[in-house]
Structures are given as structure tokens and as C-alpha cells.
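Participant: take this sequence and fold it.
(chains A and B)
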Amino acid sequence: MYVKSKWNLAALAIMALTVVAHAFGGGPEIWEPVFASGLNETVRISMGLVWHGLTGLFIVMTALGAVAYFKPDLSAGINLSMVLTNLTFGLLALIYGYVSTGNVWVLPQWILFLPMAIFTFLALKTALKHTLKKGH
Amino acid sequence: MQYWGLITACLLFITGCIHYFAGGKLVWAPMLDQWQNVKQRKLVKGTLGLIWHGVSVWFVAMTILAIYACFTPQIAQGIYLTLTVMNLAFAVTATLYGKLVYGRFGASPQWLFFWPITISAFLAFISA
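Facilitator: Residues are numbered from 1 along each chain as shown, chains lettered A, B, ... in the order given. The predicted structure is shown next:
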């Protein structure tokens, strides 16, 4: 019998929090100064796409957390992809924050992404047991 | 062999290179130039750098995932589904953003990259 992993729900909850922080906290503080700046249109449009695209990506990742929880056959693949994506952003926030500012606390985004990487890794372990059992 | 998976990996790698090399020169370099002369909080500058470079590394991660899925059919469906919907988010944003904010689809032509990735990842998903 497939055991749903509660770690997926934990990751989903933090990702939903990330969506709120990115859209409502980061939007006015970080994105709006760029939008209102004198930078040329190509730069503003491309940065705008990256900013809003990431909002969409985080919403999709929240939904994928729910799919991984309810669909055992897809869970391992989704969780592996989420581990790698969360690690990418979490480690980069830690390293880039330290390298560019000399302080890991200036860019605290890793505090959200690294726990999500750990939670999805724990969910991946559960999902792999199901996949391996099914394979035998 | 998952041919659609390999095609997805190639498209992801090419788009990642365009983002890093062409985007780095045309978008990120001017951004850095202007921002260095403006009094702005480190959090704002750092976060913009993080999202820009984060997307570069994310493309590398997605390329690795697409190739890995070709050789692990047990979990390939989940990986390709993830790649499909993640890139769909950017495809929809790129398509609508240029039109809604700047009045023309050509304002954000990145949708030309994201739709083919989304479609090939979806074909890999249904054939996995």
C-alpha cells in the first residue's frame, strides 16, 4: 500500500508562503523600482518576464506538491525534480548572497528553499520505496 | 530511448545558453551598470541577481533532469510532467506579458523558446 508523504504537504505549505512573499513582498520592494527605472525597454521587459515567470513557476511548484502527494506513480519523478529545483535556488541564494554581499543574511531566500529541498528529498525517499516495490 | 526527452534536453540547454550568454550581455550587464550607480538596498540588488542567475542554473538542472529521465523510465513520467508545467508557466507569462503590458507579442519573444520546450516535454510525458 502506498503511504502518502506528509513531507510533500510541508514543502507545499512553504512554497505557498514563497508565492505570497515573492508576489506581495518582493513585488513592491524589488520589482517596481526596476519597472519604474530609466533602464531600456529590453532590459525591463526581460527582467519583468523573469520576475513574473518565477511567480508562475512557484504557483506551479505548489500545485506539483499536491500532485506528488495524491499520485503515487508520479511522485518520485516530481519530487526528484523539486529537490533539484529547490536546491538550485537555495544554494545559489546562500552562495550568491555571501559572494556579492559578504553576508548570508542579506539574501535570506535560502531559508525557504533549502528546507523545501530537504522536505522534497524526504518525500522522494518514500516515493522511491513505492516505485521500487512496484518494479519487482 | 526517449527521443522527445532528448529533444527537450537539447532545447533546454540551447535556451539556457541564450539566457546566459545573449541575455547576460543584453540584459544583465546593462542592469548591473545602471544599478551600481543607484543608491539601492543590497536586498534589492542581490535578489535581482539571484533571480537572473537562478534561471541560468535552473536551465542546467532541467537539462540534467530531462537526460536522466531518458535512462530511468520508472520515474520519467513524473519528471517530464514537472518540466512540462514548469515551462508552461513561463510560456504563458512570456506570451501574455508582452501583449498585456507593452501591447505587442513581440515585446517578450521568449515565448518562442518556451512553447517548443513545453510541447516536447509534454510529448515526452505521454510517450514515457
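
Participant: CA atoms for contacts and neighbours, from now on please.
Facilitator: OK.

Participant: where does chain A dip in pLDDT?
Facilitator: A:1-2, A:135-136 (pLDDT under 70).

Participant: what helix or strand is the most centrally placed residue in it on?
Facilitator: For chain A, the residue nearest the mean C-alpha position is residue A:86 (4.7 Å; C-alpha atoms, centre = their mean). If you go by DSSP states H and E, residue A:86 is part of helix A:72-101.

Participant: next: residue A:123.
Facilitator: helix A:110-135.

Participant: name the residues of that helix that are buried.
Facilitator: A:110, A:112-124, A:126-128, A:130-131 (16 or more other C-alpha atoms under 10 Å in any protein chain shown).

Participant: what's the angle between it and helix A:72-101?
Facilitator: 150 degrees (axes from the mean of the first three to the mean of the last three C-alpha atoms, to 10 degrees).

Participant: which neighbouring elements make contact with helix A:110-135?
Facilitator: helix A:6-20, helix A:72-101, helix B:73-102 (3 or more C-alpha pairs under 8 Å, 6 or more residues apart in numbering or on different chains; DSSP states H and E).

Participant: mind checking how far residue A:120 is from residue A:46?
Facilitator: 30 Å (C-alpha to C-alpha, to the nearest Å).

Participant: and whatever helix or strand residue A:57 lives in, what other elements does it pack with?
Facilitator: Using DSSP H and E, residue A:57 maps to helix A:41-70. Counting contacts by 3+ C-alpha pairs under 8 Å, 6+ apart, helix A:41-70 is packed against helix A:6-20, helix A:32-35, helix A:72-101, helix B:42-71, helix B:73-102.

Participant: where's that helix relative to the chain centroid, distance-wise?
Facilitator: In terms of C-alpha atoms, centre = their mean, to the nearest Å, the centre of helix A:41-70 is found 9 Å from the chain centre.

Participant: run a quick neighbour tally on the residue of chain B found nearest chain A.
Facilitator: Taking C-alpha to the nearest C-alpha, chain A has its nearest neighbour within chain B at residue B:78, 3.9 Å off. Residue B:78: 28 surrounding residues under other C-alpha atoms under 10 Å in any protein chain shown.

Participant: need the pLDDT of it.
Facilitator: Note on residue B:78: pLDDT of 97.

Participant: in contact with it, which residues are there?
Facilitator: A:73-78, B:125 (C-alpha atoms under 8 Å, 6 or more residues apart in numbering or on different chains).

Participant: on that earlier part again, got the angle for the helix holding residue A:57 vs helix A:110-135?
Facilitator: 40 degrees.

Participant: would a markdown table of the helices and strands packed on helix A:110-135 with distance to residue B:65 be doable?
Facilitator: Listed next are the helices and strands packed on helix A:110-135 as a markdown table, based on distance: least, C-alpha to C-alpha, whole Å:
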| stretch | distance to residue B:65 |
| --- | --- |
| helix A:6-20 | 20 |
| helix A:72-101 | 7 |
| helix B:73-102 | 7 |
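
Participant: let me see the backbone angles for residue A:107.
Facilitator: Note on residue A:107: backbone dihedrals following degrees, to the nearest 10 are phi -110, psi 90.
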